[in-house]
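In: Just need the structure, nothing else, for what follows:
(2 chains)
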There are 2 protein chains.
Amino acid sequence: MYPVEILTLFPGMVSGYVGESILGKAQERGKLSVTATDIREYAEGKHRVTDDTPYGGGAGMVMKVEPLVAAIEAARARHPGAKVLLMSPRGPAFTQARARELVSHSAGLILVCGRYEGVDERVMPFLDEELSLGDFILTGGEIAALAVVDAVARLLPGVLGNQASHVSESFEEGLLEHPQYTRPPVFRGAEVPAVLQSGDHARIARWRRWKALMLTRERRPDLFGRLELGKADQKLLALREEDL
Amino acid sequence: MYPVEILTLFPGMVSGYVGESILGKAQERGKLSVTATDIREYAEGKHRVTDDTPYGGGAGMVMKVEPLVAAIEAARARHPGAKVLLMSPRGPAFTQARARELVSHSAGLILVCGRYEGVDERVMPFLDEELSLGDFILTGGEIAALAVVDAVARLLPGVLGNQASHVSESFEEGLLEHPQYTRPPVFRGAEVPAVLQSGDHARIARWRRWKALMLTRERRPDLFGRLELGKADQKLLALREEDL
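Out: Sure thing, here's the model as predicted:
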């Protein structure tokens, strides 16, 4: 059972997502537990205030350090050894390699969602790392936390089953996926490529690999440049689609 | 009113998120409308099947083209001129610049969530673009759709108010944000930097700019390298923190 605790001011933002589909099933099957804890429960006083104006003036509100640290310490007590990550645009970008590292940390994760307008800097010593979803600005860390839970959960043994593990391996090579088709054979005049209906498995594998290589070269030259291509792939790349 | 329609097999995954906080308020105030439409409603037959095994064999299931295209066409009829985006790891990465482009497209967005295991390729001519959240694999496009809605909504006029627009400008310059502090002045021995309590607004502005520049240089040399720094910034970078 891989534990994830999400610390947020808006538990309702994450609970809907994590109850459905693959994450819901993974929890039913005891592979994963995801809880959302309201940071406000750790705020003091009648009004349980969690933010305040910034020192030095300026726009927006800043999340107060005391409720955040109290929530983190309580979560660490519930999940000893768990890694504490702050979802923050200042962190390094989340990647598939990072998801694999996190899934191997079996003590689990505590994901802290700041409002992106700002978190009191003094929370930093109580975290293990900051992590960013990408170079865009969100209203808070909740979507980033969901992305981390989702990407990590699908790598847990027994969550997807054998079928899809193949797909993940394909991505782990740093290639985009080849095109996929399913029934019907013709849709508004568009046919499924004949090779996929040929029953010739070696030729199908060649075609898919060629498509994946070409697609990666065309759309993601950065990924393509980092590939270490074997001789078979190099020969494949010299062919035209009709000669595969 | 900026319209967003999310096409998904799991409307419950997105409805919780979009009802809360800033997105919830933006909808109450008539700045934004977000609807989640179940693709299954557009599937034919008693069982409303939305996926099938791939032509050519292999792992996983592929989303069928007919229900997807029917759902897209119905959504286009409801939102004429809206841009149709497929959330897909094959697309270019979502960025803040992309969020600004999308918000200027006032006819709104139709966000199509595939299960990432695969979508029948023949849906492509019915889309305007593919868009990726980053180089990691999710179980489906729903989190990516939420990220797009969130990042776009906070840029809509009147959604955040004047306060936070300042924050967004700071990001648009390609800088990470300076550290923030709020009360109390001392937390477990950690003090708020004296400069922020000085009341000297010019010095505070200088300190914040210096911190933002240093943080960006240290953590994101890629962003830092793309900055076009003026003379004032270059002079600032030559200073030590204690001389600001």
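
In: Strands along chain A, start to end?
Out: A:2-8, A:32-38, A:51-52, A:62-63, A:83-87, A:109-113, A:129-131, A:186-187, A:190-191 (DSSP state E).

In: Buried deepest among those strands, which one?
Out: Among the strands of chain A, strand A:109-113 has the highest mean neighbour count (mean count of other CB atoms under 10 Å in any protein chain shown), at a mean of 26. In short, each C-beta sits where N, CA and C put it, glycine included.

In: neighbouring strands for it, and are they parallel or not?
Out: Partner strands and pairing direction for strand A:109-113 (DSSP bridges) are strand A:2-8 (parallel), strand A:83-87 (parallel).

In: now that strand: how far from the chain's centre is it?
Out: Mean-position distance between strand A:109-113 and its chain equals 13 Å (CA atoms, centre = their mean, to the nearest Å).

In: Stretch A:55-62 too?
Out: Distance of stretch A:55-62 from its chain centroid, counting by CA atoms, centre = their mean, is 31 Å.

In: In PDB, list the C-alpha atoms belonging to it.
Out: Extracted as PDB, the C-alpha positions of stretch A:55-62 are listed here (Å, rounded to 0.1, in the frame of the first residue of the first chain):
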ATOM      1  CA  TYR A  55       5.800  41.800   4.700                       C
ATOM      2  CA  GLY A  56       7.100  44.600   2.600                       C
ATOM      3  CA  GLY A  57       3.800  45.200   0.900                       C
ATOM      4  CA  GLY A  58       2.600  44.100  -2.500                       C
ATOM      5  CA  ALA A  59       0.000  42.100  -4.300                       C
ATOM      6  CA  GLY A  60      -1.800  39.000  -3.100                       C
ATOM      7  CA  MET A  61      -1.900  37.000   0.100                       C
ATOM      8  CA  VAL A  62       0.800  34.800   1.500                       C
END
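
In: what does stretch A:201-221 contact?
Out: A:170, A:174-179, A:193, A:195-196, A:198, A:223-224, A:227, A:229, A:233, A:236-237, A:239, A:241, A:244, B:56-58, B:90, B:92 (CB atoms under 8 Å, 6 or more residues apart in numbering or on different chains).

In: Apply 6 Å and report the result again.
Out: Outside stretch A:201-221, the residues that touch it by CB atoms under 6 Å, 6 or more residues apart in numbering or on different chains are A:175-176, A:178-179, A:195, A:223-224, A:236-237, A:244, B:56.

In: which of those sit farthest apart?
Out: Largest separation among the contacts of stretch A:201-221 by CB to CB: A:195 and A:223, giving 24.7 Å.

In: what does the domain assignment say about chain A?
Out: Listed by the TED database, the domain ranges of chain A are A:2-155, A:167-243.

In: For the ones you listed, please prepare JSON lines with the additional fields mean pLDDT.
Out: Formatted as JSON lines, the domains of chain A follow (pLDDT from 0 to 100):
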{"stretch": "domain A:2-155", "mean pLDDT": "95"}
{"stretch": "domain A:167-243", "mean pLDDT": "92"}
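
In: I'd like these laid out as JSON lines, including distance to residue B:6.
Out: Rendered in JSON lines, the data for the domains of chain A read as follows (distance: least, CB to CB, whole Å):
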{"stretch": "domain A:2-155", "distance to residue B:6": "13"}
{"stretch": "domain A:167-243", "distance to residue B:6": "22"}
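
In: Need the winner for burial among those domains.
Out: Mean neighbour count (mean count of other CB under 10 Å) peaks for domain A:2-155 among those, with a mean of 20.

In: so how far is the first residue of it from its last?
Out: Taking CA to CA, to the nearest Å as the measure, domain A:2-155 stretches 11 Å from start to finish.

In: Please name the nearest non-neighbouring residue to residue A:17.
Out: Take residue A:17 and drop its neighbours on the chain: the residue closest to it by CB to CB, 6 or more residues apart in numbering or on different chains is residue B:13, 4.8 Å away.
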